[in-house]
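**Q** With the input below, show me the fold.
(chains A and B)
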Protein chains: 2
Amino acid sequence: MSKDPPYIECEGGVTAARGFRAAGLLCGIRKQKKDLALITSDRPAVASAVFTQNAIKAAPLAVTMEQLDRSTRISAVLVNSGNANACTGQQGLADAWAMVRAVASSLHLPESQILVSSTGVIGQYLPMEKVLAGIDQIAPLLGTNGHRDAAEAIMTTDTFRKEAAVQIPIGDATVTIGAMAKGSGMIAPNMATMLGFITTDAVIAQDLLAEAFVRANNHSFNRITVDGDMSTNDMALILANGRAANVPIERGSPDFALFSEALEHLMITLAKMIARDGEGATKLIEVSVTGAHSSAEALQAARAVAESNLVKTAIHGADANWGRIMAALGYSGVPLKGEEVEIAFNGVPILGKQYTILLNEAMAKEELAKETIVVSVNLNGGSFSEKFWTCDLTKDYVHINASYRS
Amino acid sequence: MSKDPPYIECEGGVTAARGFRAAGLLCGIRKQKKDLALITSDRPAVASAVFTQNAIKAAPLAVTMEQLDRSTRISAVLVNSGNANACTGQQGLADAWAMVRAVASSLHLPESQILVSSTGVIGQYLPMEKVLAGIDQIAPLLGTNGHRDAAEAIMTTDTFRKEAAVQIPIGDATVTIGAMAKGSGMIAPNMATMLGFITTDAVIAQDLLAEAFVRANNHSFNRITVDGDMSTNDMALILANGRAANVPIERGSPDFALFSEALEHLMITLAKMIARDGEGATKLIEVSVTGAHSSAEALQAARAVAESNLVKTAIHGADANWGRIMAALGYSGVPLKGEEVEIAFNGVPILGKQYTILLNEAMAKEELAKETIVVSVNLNGGSFSEKFWTCDLTKDYVHINASYRS
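**A** Next up, the predicted model:
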């Protein structure tokens, strides 16, 4: 019997936690869809962030990293879609700083408390007149119901908004953690064109917040792949403003374990949404590797399967081509014995040890036609297991990406 | 002024060199296309081979590796398409050995002089009755004009035969090197579902042949990618039967340099054919990186760009989305300065230093509409350069691979 999770899911996305407001609007970077989002906390929140490992980092990342190096007390985050402000040199940096100053001025806040983030096409300058006018217009729209507009405004080729929120009891208080994110192409492990913004009213020290956040990030946003392409612009950010007035969460306490678990659940929920909404995708694929000699090997094997174009197209076609899974495991670099491997789709056995084919084509076809496919691989080598998420590879992925800038 | 190459191209594929015969036929593994090829030398040839680095190796590879470990004097190679005989356990090994025995018996040769190779679907047993009947039928078809049938019989999703041959003078003799190969999905660097068979009448010692072959392989078959998936079945094999009666090629001699250069040219020719004929491909893409700090870094950067699904879909759509090239360079792991990078398509400058956009959309579109696209990247860091070949990523790739087994 599985016990109930210690958190409950709730509504409200990035404004679910007390003291946070948000807004989103169309300022004109894009033609029709909203392209500018603002999140604010009514008091400075402690912040922690993780960034793309791409050596080419966009201007807003450079600015946000510099801001957080100076101070982790943050009150507002401005995000635009439609233009990544990446590979834009000195002009790009100047534009990102101008956005910081404009938000500070509009909200009457110190510049040190403002972060910026961008996503979209690389190598074009931002239309700053439109962006600055948008910043003027967005402040009056801020509200506790603004989470939907904000989540919409950060979407690029995403087909649905990605929001989630959870609540946990900490002492007598209820702590809420809310979030929004965007995908959906250029998604590779270790962050990709993805942005994630998490807000919580927990009272928690910055170092503890960072510890929980980095770990949750490694188990969520760092375990998704759409196309293996890592972006120049990714970041995930968490803000904790203390408005829940809980007893402070202490290192090593049950409260910290609970907070960490809820945060990880929230971020995995968003990560799976991103994988499911990969460009052109029709299915969420969870690759679950068990029986590995170490966590690292389990992850490496799962990632190789999740990144295989051939596995992803076969699953798209509901073709139980397990040979491609074996091939991917074989080139993953993980030491393994082929004759020990067992494979199942959604719990239906496909391959047994000694290459025993258990595949029932009709049953496999039925499972692979579903919208969520769990590919289970047991290496039967050790006792470690890990998961990785991806989506199927479709003609629409090609269609979308053959003319992205048009 | 560039000087003429020291080799001349000629007809005849894998039977261009003296003493080699070949044949191809349909034995019934597949429904309509030829599926069985045989290459023979009229005297035992010295052999050298390279194999997939996939940990899961198909049965015929295990058999061929074992044969070559015992003796490198080879007279015949049997190849089937339509079935990879991979992940087939003890039965698969028994079948591969049965193929060796049947060829030996049919050609009245020692079993030690026979190699086997397979390509096709993974995880199904070979229809041995059909294969053995095919071996009986193929021997009488062997001929010096059999190169076309053989090259056809090893094709899987290839859309055209891949053959080439060159001749060089060695002393008073003319040495011929001929070859055939197949692609076209599951093509990753370091061999993939590709097979390559090279035959030469040169007199050359086995260790020198192996040295030239491994080096040429590293500059050709190991530098192509279609989808990043590495197969369980790849091998490339060279046979040298000495029928040209040239003065033996000596280590460090001009003759060895000439032989090596001709062999590398031949194998690069085939490698480019494989990349151009990648599943669903409409274009050959050559990624040429210059200005790197080392050969290894040049290759790593070129490979990252060549493997990027986003770069490959953009080029498919004739979209000069150079930002995706920058992003791929950024995550390649090669240390670089973004503002130093220059990019050109077919020699037409797209990006200059300091992120100066030189892109003329109309001109870029015209270049990208061509069937061969050279993406030149100058890192402006050091003096090393390397090339990598791939193809565009299309809806047809998805179509082909969503229903490969059907």
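
**Q** Give me the contacts around stretch A:101-116.
**A** By Cβ atoms under 8 Å, 6 or more residues apart in numbering or on different chains, the surrounding residues in contact with stretch A:101-116 are A:38, A:40, A:44, A:47, A:49, A:60, A:63-64, A:67-68, A:70-71, A:73-79, A:96, A:99-100, A:131-132, A:135-136, A:138-139, A:237. Every residue, glycine included, has its C-beta placed from N, CA and C.

**Q** so what strands line up beside the longest strand seen in chain A?
**A** Longest strand in chain A, counting residues (DSSP state E): strand A:36-51. Sheet pairing of strand A:36-51 (DSSP bridges) gives strand A:20-25 (antiparallel), strand A:73-80 (antiparallel), strand A:235-240 (antiparallel).

**Q** I'd assumed residue A:3 was in a helix, is it?
**A** No. Secondary structure of residue A:3 (DSSP: H, G, I helix; E, B strand; the rest coil): coil, not part of a helix.

**Q** Which parts of the stretch 101-250 of chain A are helices?
**A** Taking DSSP state H, counting those that start in this stretch, the helices of the stretch 101-250 of chain A run over residues A:128-138, A:147-153, A:206-218.

**Q** So which residues on the stretch 251-400 of chain A come close to chain B?
**A** Contact residues, the stretch 251-400 of chain A versus chain B (Cβ under 8 Å from any Cβ of the partner chain): A:307-310, A:313-314, A:316-317, A:319, A:321-324, A:326-332, A:334-336, A:338-339, A:351, A:354-355, A:357, A:393-395, A:397-399.

**Q** same thing but at 7 Å, please
**A** Applying Cβ under 7 Å from any Cβ of the partner chain, we find that the stretch 251-400 of chain A lies next to chain B at A:308-310, A:313-314, A:316-317, A:319, A:321-323, A:326-331, A:336, A:338-339, A:354-355, A:357, A:393-395, A:398-399.

**Q** Now, those that are in strands?
**A** Under the assignment DSSP E, those contribute residue A:357 to strands.

**Q** Show me the shaky parts of chain A.
**A** For chain A, the stretches with pLDDT under 70 are A:1-2, A:184-193, A:226-231, A:403-406.

**Q** Show me the domain layout of it.
**A** A:8-276, A:284-402 (automatic domain parsing).

**Q** what number of residues lie near the residue lying closest to residue A:55 once chain neighbours are set aside?
**A** In space, and not counting its chain neighbours, residue A:55 is closest to residue B:330: 4.4 Å by Cβ to Cβ, 6 or more residues apart in numbering or on different chains. Other residues near residue B:330 number 25, with proximity taken as other Cβ atoms under 10 Å in any protein chain shown.

**Q** Isn't residue B:330 up against residue A:234?
**A** No. Using Cβ atoms under 7 Å, residue B:330 makes no contact with residue A:234, being 11.5 Å away.

**Q** quick one, phi/psi of the residue in the stretch 1-150 of chain A that chain B sits nearest to?
**A** The stretch 1-150 of chain A approaches chain B most closely through residue A:122 (2.5 Å), counting by Cβ to the nearest Cβ. Note on residue A:122: backbone dihedrals following degrees, to the nearest 10 are phi -90, psi 150.

**Q** Could you pick out the longest helix of chain A?
**A** Criterion DSSP state H: the longest helix present in chain A is helix A:254-276.

**Q** helices or strands next to it in the packing?
**A** Counting contacts by 3 or more Cβ pairs under 7 Å, 6 or more residues apart in numbering or on different chains; DSSP states H and E, helix A:254-276 is packed against strand A:162-170, strand A:173-182, helix A:206-218, strand A:284-292, strand A:384-391.

**Q** pretty sure residue A:389 contacts residue A:273?
**A** No. Look at residue A:389 against residue A:273 with Cβ under 7 Å: they stay out of range, at 9.8 Å.

**Q** These two: who's more crowded?
**A** residue A:389 (25 against 22).

**Q** roughly how far apart are the more buried one and chain B?
**A** Using Cβ to the nearest Cβ, to the nearest Å, residue A:389 is found at 17 Å from chain B.
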